[in-house]
Structure formats: C-alpha cells, structure tokens
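Colleague: Prediction below, plus the sequence it came from.
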Amino acid sequence: MFQLPKGNPLFENLAVTKLKLPDVATKLANGSFTGYANFTFPDATGILVFESGKLVSTFFKAQQGQTLNDFEAMAALAEQMVTSGAGTMDVYRLSKDLTMCVHALLQGEVLYRSQELALIDIKSLLERVKNEQMNGCLRIYTDEKSAMIFYKEGDPLGFFHDGSQDIEASPGESQQLAQDPRAKLDLYTSVSADELMSHDLLDVINVLKIWEAAVARRQAELDRLNRELADKDRMQSIRLVNDLEQQIRTMYIQYVGNVGRGIVDKELTTAGGNSCLLDQERTDQFLTALEKAAKLLISVKKIAEMREKISALLAHQARA
C-alpha cells in the first residue's frame, strides 16, 4: 500500500476499537474537514477523503485483496472495524487541491498503470499533462521506493516520496527514481476540486445502517460461537460424567461383586442420574447410599477402603 502525504495531523494513532464509524464520519462532515482519515489494520487499509465536509472518496483494500470504493468500501471498513480487534486511525488535514489529487490517486481515472518507464517518453507525457491541464497524480516507483508528483491544471503542486512527512518543492527523489531502469509509472487523473464538491457520498451512503448491520452480524457470530462452545463444554461434561460413573461402578463391583452393578444403577436413579456426580452434596448422599448397601456384603474395613478410593477418584476428576 502506497503512503500518502500527512499534511497537518488532526488525530494520530487513535485506537479503532474505541471508535464508531458513523461518529467519525459525522464529526469530520460537521467540521467541514478537508483531507483524509486513514484506517490501518494488521491486514487491511481504509481511507475516507473529505472536501469541505463532503465525503468525496472511499477506499478499502485488504492485504492481497481487491480494491473497493464507495458503498462497498464503507461496508468493508465497518466490518473490519467491528471484527478486527486492532487497528489505528490517523486524520490529516490537506489543502483543497491536494485532497483532489489524493482522490485521483485512490479513485481517479487511470491513464497509465504499471507502465515501464524505460518504454515511455516521459517528456512527452509531462507535456500532455500540462497541455491538457490535468488534475491528478503521477506515481513513479520500484519495488523498494516510490515518489509522487501532484498536479493541478497541468502544473505541479509538489512532490512526495516514501519517508517524507509532507509535500516538497524539490523533485529530487522523483528524478532519481526516474533514472532507475526498473522504475514503473502510474498516472491517475481527476475532475477539479470544485467538481468534486458537486457530490457527497454521505448523501447516498447510510453509514449508520451499514455500521448497525456490521455490529449485528458480529454479535450473531459471537452468539453462534458461544453456543458452539457451550455445546462443546456440555458434551465434554457428559462424556466425563459417563466415564466417572463407569469407573465408580467398576470399582464398586471389585469390592462387592457383580451384584454391585445393580446397586449402583439403583442408587444413581434415586439420586436423579449421574449428574449428581457434579454436585458435592448429592455425591456425598450417593456414596453414603452405596456404603449402606455394602454393609451386608463386605466388612467395615473394606467399605472404608472403597470409600477412600472412590473419594480419591472424584477428587482427581475435580482437579482435572
């Protein structure tokens, strides 16, 4: 993702998790803001461009994903804000003319894209930009570096390169990049700043409804995950209790003989099923009933030994 000139910072490094998209849009619109809000996520970027409080451009791109604009970009941005759990927002104020150029870069008409600079007559291209009084952005770049020249009515407004904080008057970086045999070129054009002002995306995009829909989808997803987790925990609990019941039955039979199977089944039924093993008081009552039934079958010493082993089994299971 290419860098943009920062201009005059209004806000920087605001945590997205504390923000609501409708509030952001409303605040910038009501403040007659000119510039852009940049949303940076671990794997995506969203940009809103404003001109005198009017939303003139929306941009969203996920890592290695397609570029979205207008309604789709706003919806994707809302979804990312709600689901990401991370990210920051920076807001930079720019001049009216530079905002127009940023719009061109994000959403303007593409005259050239990924054009190898060695195969183009750059002098003739710059003359065309001037003669046709183009508004927009010329981007020259390699895999490692990039530089941009912003134009208003064919005349350069300034130069910006990766690593700089603002627009510069010198074309030094652009000239150096233009001499690199690996360099490529993009040229984006836009309507004038005044024409951009003729429309406001906030008039046609209901940001509040988009946000509420994203929040509702997120909540539905969380509810589904919670239900699945609860079901998983319940099934695991059932398996553990069933296993515990079988271990107690086996242990009891070892002490009192095969008749112990029927005794355990009877006392579990009386206790309301093996769910009694999840409650300490009911478990104690169940074990007391097993001891009482064993008095006619084994010695007091054996009963105490059995009770101790079953209690140890239950204690081990509780720690697990």
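Modeller: Structure received. It should be emphasised that the depicted structure is a prediction, and the values quoted were computed from it without experimental measurement.
Colleague: drop to CA atoms for contacts and neighbour counts, all remaining ones
Modeller: OK.
Colleague: Surely K54 and S198 touch.
Modeller: No: counting by C-alpha atoms under 8 Å, K54 stays clear of S198, with 9.1 Å between them.
Colleague: So those two - more neighbours on which side?
Modeller: Legend: neighbour count by other C-alpha atoms under 10 Å for K54 and S198, higher for K54 (24 against 9).
Colleague: how about the nearest residue to that one, chain neighbours excluded?
Modeller: D200 (5.1 Å; C-alpha to C-alpha, 6 or more residues apart in numbering).
Colleague: For the one you found, grab phi and psi.
Modeller: phi -140, psi 110 (degrees, to the nearest 10).
Colleague: ok, it - contacts?
Modeller: 54-56 (C-alpha atoms under 8 Å, 6 or more residues apart in numbering).
Colleague: Tell me, how many residues neighbour Q254?
Modeller: 12.
Colleague: which residues sit against stretch 264-278?
Modeller: Contacting residues not belonging to stretch 264-278 are listed as 241-242, 245, 249, 252, 282-283, 285-286, 289-290 [C-alpha under 8 Å, 6+ apart].
Colleague: try 6 Å this time
Modeller: 282-283 (C-alpha atoms under 6 Å, 6 or more residues apart in numbering).
Colleague: again, but for stretch 12-21
Modeller: By C-alpha under 6 Å, 6+ apart, stretch 12-21 touches 87-90.
Colleague: Make CSV out of those residues and add secondary structure, pLDDT and neighbour count.
Modeller: Converted to CSV, the contacts of stretch 12-21 look like this (DSSP: H, G, I helix; E, B strand; the rest coil; pLDDT from 0 to 100; neighbours: other C-alpha atoms under 10 Å):
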residue, secondary structure, pLDDT, neighbour count
G87, coil, 94, 19
T88, strand, 96, 19
M89, strand, 96, 21
D90, strand, 95, 19
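Colleague: Quick one: those residues as CSV, columns for distance to K27 too.
Modeller: CSV is the format used below for the contacts of stretch 12-21 (distance: C-alpha to C-alpha, whole Å):
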residue, distance to K27
G87, 19
T88, 17
M89, 14
D90, 14
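Colleague: Closest one to F11 out of those, please.
Modeller: Using C-alpha to C-alpha, D90 is the member of these that sits closest to F11, with 5.4 Å.
Colleague: what's across from that closest one in the sheet?
Modeller: N38 (DSSP bridges).
Colleague: Identify the residues contacting it.
Modeller: Listed by C-alpha under 6 Å, 6+ apart, the contact set of D90 reads 11-13, 37-38.
Colleague: Find the pair from those residues with maximum spatial separation.
Modeller: Greatest spacing in those, by C-alpha to C-alpha: N13 and A37 (11.2 Å).
Colleague: Those two: who's more crowded?
Modeller: Looking at N13 and A37 with other C-alpha under 10 Å, you find the greater number of neighbours at A37, namely 23 against 13.
Colleague: quick one on the thing from earlier: which of the contacts of stretch 12-21 sits closest to V49?
Modeller: Nearest to V49 among those: D90, at 12.1 Å, using C-alpha to C-alpha.
Colleague: where's that closest one relative to T40, distance?
Modeller: Distance from D90 to T40, counting by C-alpha to C-alpha, to the nearest Å: 8 Å.
Colleague: same thing with E173?
Modeller: For E173 relative to T40 (C-alpha to C-alpha), the value is 26 Å.
Colleague: before we move on, what about L244?
Modeller: Separation of L244 from T40 (C-alpha to C-alpha): 51 Å.
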